[in-house]
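Chemist: fold the following.
(4 chains)
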There are 2 protein chains.
Amino acid sequence: MCQDELIIRNIRQSISLTDSEAELVLSLLETRRYSNKDFLLRQGDICRYDYFITGGCAKVCYSDDKGNECIIKFAPENWWVVDLDSFINSKPCFYYLQAIEDVEALLLSKQSYDRLHEKIPQFQKFSNQRWQQGFIALQQRIIQNLSLSADERYSQFEHKYPGLEQRISQKLIASYLGITPEFLSMLRRKRAAKFS
Amino acid sequence: MCQDELIIRNIRQSISLTDSEAELVLSLLETRRYSNKDFLLRQGDICRYDYFITGGCAKVCYSDDKGNECIIKFAPENWWVVDLDSFINSKPCFYYLQAIEDVEALLLSKQSYDRLHEKIPQFQKFSNQRWQQGFIALQQRIIQNLSLSADERYSQFEHKYPGLEQRISQKLIASYLGITPEFLSMLRRKRAAKFS
DNA sequence: CGTCTATTTGAATGTACTCAAAAGCGGTGG
DNA sequence: CCACCGCTTTTGAGTACATTCAAATAGACG
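Modeler: Predicted coordinates:
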């Protein structure tokens, strides 16, 4: 499937778009390619785009007090990602966004984002749903972090990002789960032992 | 301050309201009082109201697989609370909402909520800000849960809900922090020791 | 006053981390 | 093609953080 189809299909999962509206959406998007390890967005920059990933995978991170990288979430194909606070309020962004594979993305500028909201009545609904669904998903994740063990969180990760555990390094997964790579290694060994 | 003033002041922190718009808001609200331990909303019900707490404090919880109560957040005076997924999508709610003190609240029905969005152009902005800010706050909380120790999370709690630690039981705080009451007891003992 | 629940305390246990070292693996240059 | 480099993964020992369970104490409420 080509990337244009992918994004329109993604939007149409939430709202209905006429063909001319779909055209408008596509006309406002910009395609960008990033090599593995390129930054889509650096910490402290203003986030000027809303990103829709059409190929490869990026990580959304921040640096904590001690300088460690913490991964908030992954953005594989068919995912939207943005530093909302920075995008909406033109603040320096707290997160950074870096490719962990070669990445292909469609970028929607703030201006175009606003334009879509003006021109397509349904788009407000799309945004609302997106933030609301995002909010709900984050609540779920908080619950999981509070009540599940590392092993159970790993299962959740596998479920949320099917197949991703085979594409990306264990170090990255460990950071996402909030555990050390060493400990994840041990968890995997224990899992493997269960199938023997 | 009376409860009407409280909610209007709360809204005016995000958007400007004319006096007649403020009147409209107030006319759509319903006041309710709950005694300690009363349910504002039960797990599985449809959440038909958006709640604004004007006095006392409620807890937002869910029951996990093993039947334990997990507290997602507290709702003391001047806080909005709703099960978003249930309210928006008319689904059975996942959370329940229970008074942990005598509570006074202003309730906004879904119908009135929609009405405000129609009648007050700025209200869409208020809602958007609310979900966006909520989203941002949740992301922060995820980060904190991943990277902070229980002791540090307790400090965050004190900062987020000033004075609340003196009003509510330690058992509830422990549940919010995702630790056992016994362990919280020990943390507090250690803290007290530092000031000797 | 008695009952019920919350809090404190302690011992034993489990979960996850740190640090260090060894092994595996992929890419690069000779 | 191989040797080497850097990075990831594995393994292990020792430690810190947090839990469970049990029992004692303290508070709240009728």
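Chemist: list the contacts for the closest residue to residue A:168 other than its chain neighbours?
Modeler: Spatial nearest neighbour of residue A:168, excluding adjacent residues (CB to CB, 6 or more residues apart in numbering or on different chains): residue A:100 at 5.8 Å. Where you see a C-beta, it was placed from the backbone N, CA and C, and this is true even at glycine. The contact partners of residue A:100, taken as CB atoms under 8 Å, 6 or more residues apart in numbering or on different chains, are A:36, A:37, A:56, A:57, A:58, A:59, A:74, A:168, A:169, A:172.
Chemist: for residue A:34, see how far away the third one is.
Modeler: Same thing as residue A:56. Applying CB to CB, to the nearest Å, the value for residue A:56 to residue A:34 is 8 Å.
Chemist: tell me the residues that contact both of those two, please.
Modeler: A:99, A:102, A:103, A:104.
Chemist: coming back round to it: can you tell me which of the contacts of residue A:100 has the most neighbours?
Modeler: Ranked by neighbour count (other CB atoms under 10 Å in any protein chain shown), the contacts of residue A:100 have residue A:58 at the top, with 26 neighbours.
Chemist: need the longest helix for chain A.
Modeler: Longest helix in chain A by number of residues (criterion: DSSP state H): helix A:121-147.
Chemist: tell me the confidence at the residue positioned nearest the centre of chain A?
Modeler: Residue closest to the mean C-alpha point of chain A, counted by CA atoms, centre = their mean, is residue A:75 at 3.1 Å. Each residue has a pLDDT score; the one for residue A:75 is 96.
Chemist: so which elements touch whichever strand or helix holds it?
Modeler: Using DSSP states H and E, residue A:75 falls within strand A:69-76. Helices and strands touching strand A:69-76, by 3 or more CB pairs under 8 Å, 6 or more residues apart in numbering or on different chains; DSSP states H and E, are strand A:49-55, strand A:57-63, helix A:170-177, helix B:121-147.
Chemist: looking at these, which is nearest to residue A:129?
Modeler: Residue A:129 lies closest to helix B:121-147 among the helices and strands packed on strand A:69-76, at 10.1 Å (CB to CB).
Chemist: show me what the closest one is packed up against.
Modeler: Secondary-structure packing of helix B:121-147 (3+ CB pairs under 8 Å, 6+ apart): strand A:69-76, helix A:84-89, helix A:121-147, helix B:110-119, helix B:150-160.
Chemist: hmm, the first one in reach of DNA strand C?
Modeler: No - counting by CB under 7 Å from any atom of the strand, no contacts exist between strand A:69-76 and DNA strand C, the nearest distance being 11.5 Å.
Chemist: okay, the angle between that strand and helix A:121-147?
Modeler: 130 degrees (axes from the mean of the first three to the mean of the last three CA atoms, to 10 degrees).
Chemist: okay, the angle between strand A:69-76 and strand A:49-55?
Modeler: Using the same axes, to 10 degrees: strand A:69-76 against strand A:49-55 is 60 degrees.
Chemist: can I get strand A:69-76 in CSV? Just the C-alpha atoms.
Modeler: The C-alpha coordinates for strand A:69-76 follow below in CSV (Å, rounded to 0.1, in the frame of the first residue of the first chain):
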residue,chain,number,x,y,z
GLU,A,69,17.3,8.2,27.7
CYS,A,70,13.7,7.3,28.5
ILE,A,71,11.5,6.0,25.8
ILE,A,72,7.9,7.1,26.1
LYS,A,73,6.6,5.3,23.1
PHE,A,74,7.4,3.9,19.7
ALA,A,75,6.0,5.2,16.4
PRO,A,76,6.0,2.5,13.8
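Chemist: contacts for it next, please.
Modeler: By CB under 8 Å, 6+ apart, strand A:69-76 touches A:51, A:53, A:56-64, A:81, A:95, A:97, A:100, A:161, A:164, A:168, A:172, A:175-176, A:178, B:139, B:142-143, B:146-147.
Chemist: now do the contacts for residue A:128.
Modeler: B:127, B:128, B:131.
Chemist: is it true that residue A:48 touches residue A:112?
Modeler: No - if you go by CB atoms under 8 Å, residue A:48 and residue A:112 don't touch, sitting 10.4 Å apart.
Chemist: among the contacts of strand A:69-76, name the buried ones.
Modeler: Buried subset of the contacts of strand A:69-76 (neighbour count, 16 or more other CB atoms under 10 Å in any protein chain shown): A:51, A:53, A:56-62, A:81, A:95, A:97, A:100, A:161, A:164, A:168, A:172, A:175-176, A:178, B:139, B:142-143, B:146-147.
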